[in-house]
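Colleague: kindly return the folded structure for what I paste below:
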Amino acid sequence: MFYGALVWDPWLIVSQIVCLQCLYYLTLGLFMAILVGTRVSRLSLMYFFDFSTLTASTVTGWCAIVSFLLSSLTGAGYLLYLIERAKKCLDFSATLYIIHLFICIIYGGWPSSITWWVVNITGLALMSLLGEWLCIRRELREIPITRLRSNV
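Modeller: Numbers count the residues shown, from 1 in each chain. A predicted model of the protein is given here:
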């Protein structure tokens, strides 16, 4: 990808947002199935979008919190491969969490739990900062230059 030319492609941006959102929820579902699904009789969307399930007073709540934080860490890896630019990581991470907030509001109302806000803001910070760090490391790698003629 050539980064010098500024081309605004809204279809690319929307497809990156949709892809990132889907991968985030797939990863969250995997972690929820492993950590929370073993503790409850029936795993539902409530654990994804209802703020009352993120509580530090139960073991199941802690498993849900860990699932969200692990999804944020893997989301940083998705940023590395989908977005590829360090300066865009915060934008895409914030967009993901704003969309998640809207879905949570539609599903269960305004999140009134302080734990929900702490977990999601921490997840946003983890995802954007680790994603930026990974992208910067990739951008600063040496470019291999091959010789045009070999030594004889």
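
Colleague: what is the burial count for the closest residue to C104 other than its chain neighbours?
Modeller: The spatial neighbour of C104 that comes closest, neighbours along the chain excluded (CB to CB, 6 or more residues apart in numbering), is F49 at 4.9 Å. Every residue, glycine included, has its C-beta placed from N, CA and C. Number of residues near F49 (other CB atoms under 10 Å) recorded here: 17.

Colleague: contacting residues around F49?
Modeller: Taking CB atoms under 8 Å, 6 or more residues apart in numbering, we find F49 in contact with I103, C104, Y107, G108.

Colleague: tell me the secondary structure for the second one?
Modeller: Three states are possible here, and by DSSP: H, G, I helix; E, B strand; the rest coil the one that applies to C104 is helix.

Colleague: do you know how far it is from L140?
Modeller: 37 Å (CB to CB, to the nearest Å).

Colleague: the contacts of F49 into CSV, with extra columns for neighbour count and distance to Q16?
Modeller: Listed next are these as CSV, based on neighbours: other CB atoms under 10 Å; distance: CB to CB, whole Å:
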residue, neighbour count, distance to Q16
I103, 15, 18
C104, 18, 22
Y107, 13, 24
G108, 17, 28
